[in-house]
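# Test case, fold it:
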Amino acid sequence: MFGDHARKEVGVYQGKAGMWSWIFHRVTGVGILLFLFIHILDTALILLGPNAYNHMASFYKQPFFRPMEVALLAAILYHSLNGIRISLMDFWPRLMRFQATLFYAVVILFFMLFIPATYLMVKSLF
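Take a look at the predicted model:
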């Protein structure tokens, strides 16, 4: 029923570097946007007085918020590194030939920065 052309279009996304880069960039961007929205709302509590703001600030100091802070670090770090990769390819189109290699470089750099930063963030919990 389907010709070769139709079968190829069904499997457009095959899990290669370009697809993962695109997905991670969008997911981290939405996560950062949600954080900023929540941050603006909780900062606006200062309008209700210092007690309301201080209560919310003390709530965020609970240990169960630490994983969310680590996730925020991961989102910001990946999104910024991948944004630099995208910008480089925009300014120098010849780099498009190496987009997969650049993606893997972003992943390696991400982990090189993320692991020590995460350690510093969570070491006080242990």
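
# how near is the residue nearest in space to the middle of the chain to residue 86?
Per Cα atoms, centre = their mean, the C-alpha nearest to the average position across the chain is that of residue 75, at 2.2 Å. To residue 86, residue 75 is 16 Å away according to Cβ to Cβ, to the nearest Å. To be clear about C-beta, it is placed using only N, CA and C from the backbone, and glycine gets the same treatment.

# which parts of stretch 63-77 are buried?
72, 74-75, 77 (16 or more other Cβ atoms under 10 Å).

# ok, now stretch 108-120?
Across stretch 108-120, burial judged by 16+ other Cβ under 10 Å covers 110, 114, 118.

# Just the ones of those in helices?
Among these, the ones falling in helices (DSSP state H) are 110, 114, 118.

# Look up how far residue 74 lies from residue 113.
Taking Cβ to Cβ, one finds residue 113 at 10 Å from residue 74.

# whoops, I mixed them up, residue 28
In terms of Cβ to Cβ, residue 28 sits 8 Å off from residue 74.

# now residue 65
15 Å.

# With residue 118 instead?
Distance of residue 118 to residue 74, computed by Cβ to Cβ: 8 Å.

# do the same with residue 122
Counting by Cβ to Cβ, the gap from residue 122 to residue 74 is 13 Å.

# just the helices in this structure please.
For the chain, applying DSSP H gives helices covering 4-10, 17-43, 50-60, 66-91, 99-122.

# Would you convert those into JSON lines that also reports mean pLDDT?
Shown next, in JSON lines, are those (pLDDT from 0 to 100):
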{"stretch": "helix 4-10", "mean pLDDT": "51"}
{"stretch": "helix 17-43", "mean pLDDT": "93"}
{"stretch": "helix 50-60", "mean pLDDT": "87"}
{"stretch": "helix 66-91", "mean pLDDT": "95"}
{"stretch": "helix 99-122", "mean pLDDT": "96"}
